Each structure stands twice: as C-alpha cells, then as structure tokens.
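A.B. asks: coords below, sequence missing:
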C-alpha cells in the first residue's frame with residue numbers, strides 16, 4: 001500500500017462512474033442505519049456522500065487532499081486526509097473503531113493489499129464487517145476480452161496510477177481469509193451475469 005500519490009484526485013470533479021455500486025451496497029447494508037461506517041479510500045466521497053444523504057452514518061478517509069476537500073464541501077467534517085502507511089486513523093476522526101468498512105475500487109491499485117487489510121483490521125470493532133469492490137475479472141470475461149483484442153486496454157497498462165493487481169472471486173476470498181476475515185457474500189455489479197463490471201465481496205472479522 002505505497003506510492004498512493006499515484007492515485008490522488010487532481011481536481012474536484014465528482015466521480016459518478018461508481019454509482020452502479022450503490023444498489024448492491026444498499027443490499028448489504030439492509031437499512032442498518034445504526035452502523036458506524038468507514039469508507040477507506042473514499043476519493044472525493046461520491047459513494048459515502050450518497051449514503052450519508054440516505055441517512056447512514058458514514059465517515060471517509062483518503063490520501064488525496066483534493067478529494068477530501070471536495071467531499072467535505074458536500075457533508076462537512078465527515079472526511080479526513082489519512083497517511084495509510086501509519087496504519088492508524090488520524091486523531092480528527094471521531095471514532096477509532098467502526099462496525100463496517102467499505103472500500104470501492106481501491107484494492108486493485110495497491111502494491112501491498114495485505115498492508116491494506118491490516119489497516120482495515122485496525123479500524124474495525126470485534127466481529128466487524130468489510131465490503132470490498134474491485135473490477136471483475138472472471139475467466140470467461142477475460143477470455144472474451146482476449147479474443148476481441150481488448151485485454152490490454154481493459155488492464156489500463158498505460159495509465160499512470162492504473163490497476164496493479166487483478167482479482168477473481170477466488171483470490172479475493174483468499175485475501176480475506178489470509179487476513180482474519182470470514183467471507184460472507186459475493187455480488188456481481190453492472191452489466192450482466194459473468195460479464196460484470198465489478199464484483200463485491202463481504203467478510204466478517206473473526207475476532
């Protein structure tokens with residue numbers, strides 16, 4: 001989980017491309033508005049602010065000054081600049097432990113996903129929950145992308161701050177298990193079955 005400056009927001013443009021994730025996230029939340037929720041890698045707060053405006057108790061952390069500044073314009077004092085390498089939340093965050101962590105389209109950008117998972121552990125209450133989303137790379141979808149000569153573009157190999165790791169449901173489940181989580185659910189998001197744009201996996205901390 002290093003060189004996060006590669007992924008900073010450079011402007012205040014709202015990120016609407018993740019709106020398709022809201023429906024499955026709301027399905028997982030199941031209207032549990034009593035939960036303290038932390039959005040890790042919240043960017044400019046597009047998902048977190050949508051949930052806050054629906055009545056959920058959400059806070060967000062990110063390394064991007066521009067993203068956090070924009071997010072706080074929508075819902076002030078809910079978003080905080082965070083140095084993830086310190087493996088702890090900044091003092092300004094009003095809670096040090098949360099019931100649920102949400103992290104959307106982040107883990108594919110990280111050099112050290114295990115360090116990221118350790119950070120999440122540190123921020124969760126015992127038996128806390130995690131919800132991760134990442135671009136879906138099922139084997140059938142990858143085969144079709146290869147046949148149609150679109151695999152290189154899909155893997156963003158020429159992007160500064162592009163995708164570093166690509167996850168299947170199996171490898172994401174293993175990541176959770178290796179870091180003390182019991183997987184509890186899988187959801188495909190966007191497009192149609194087995195060609196999903198993204199996938200969501202949920203888990204519960206074992207202790």
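C.D. replies: Everything's here; your move. As the structure is a prediction and not an experimental result, all values here were calculated from the model.
A.B. asks: in the chain, which spans are strands?
C.D. replies: Applying DSSP state E to the chain gives strands spanning 36-40, 57-62, 79-81, 98-104, 124-135, 181-189, 198-205.
A.B. asks: quick one: the fifth one to strand 36-40, angle?
C.D. replies: Just to be clear, that refers to strand 124-135. 40 degrees (axes from the mean of the first three to the mean of the last three C-alpha atoms, to 10 degrees).
A.B. asks: cool, and the last one?
C.D. replies: Inter-element angle recorded for strand 198-205 and strand 36-40: 130 degrees (by the same axes, to 10 degrees).
A.B. asks: Tell me which other helices or strands strand 198-205 touches.
C.D. replies: Strand 198-205 makes packing contacts with helix 22-29, strand 124-135, helix 169-178, strand 181-189 when contacts are defined by 3 or more C-beta pairs under 8 Å, 6 or more residues apart in numbering; DSSP states H and E. For the C-beta atoms, the positions are set from N, CA and C on the backbone; glycine is no exception.
A.B. asks: Tabulate the strands of the chain in TSV, adding columns for mean pLDDT, mean neighbour count and distance to residue 168.
C.D. replies: As requested, the strands of the chain are exported to TSV (pLDDT from 0 to 100; neighbours: other C-beta atoms under 10 Å; distance: least, C-beta to C-beta, whole Å):
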stretch	mean pLDDT	mean neighbour count	distance to residue 168
strand 36-40	98	24	22
strand 57-62	97	24	26
strand 79-81	97	21	31
strand 98-104	98	24	18
strand 124-135	96	20	10
strand 181-189	95	17	11
strand 198-205	96	21	9
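A.B. asks: mind checking which of those is nearest residue 70?
C.D. replies: Residue 70 lies closest to strand 79-81 among these, at 8.7 Å (C-beta to C-beta).
A.B. asks: Please identify which of the helices and strands packed on strand 198-205 is closest to residue 59.
C.D. replies: Nearest to residue 59 among those is strand 124-135 (13.3 Å), distances taken as C-beta to C-beta.
A.B. asks: What strands line up against the closest one, and which way round?
C.D. replies: If you go by DSSP bridges, strand 124-135 pairs up with strand 98-104 (parallel), strand 198-205 (antiparallel).
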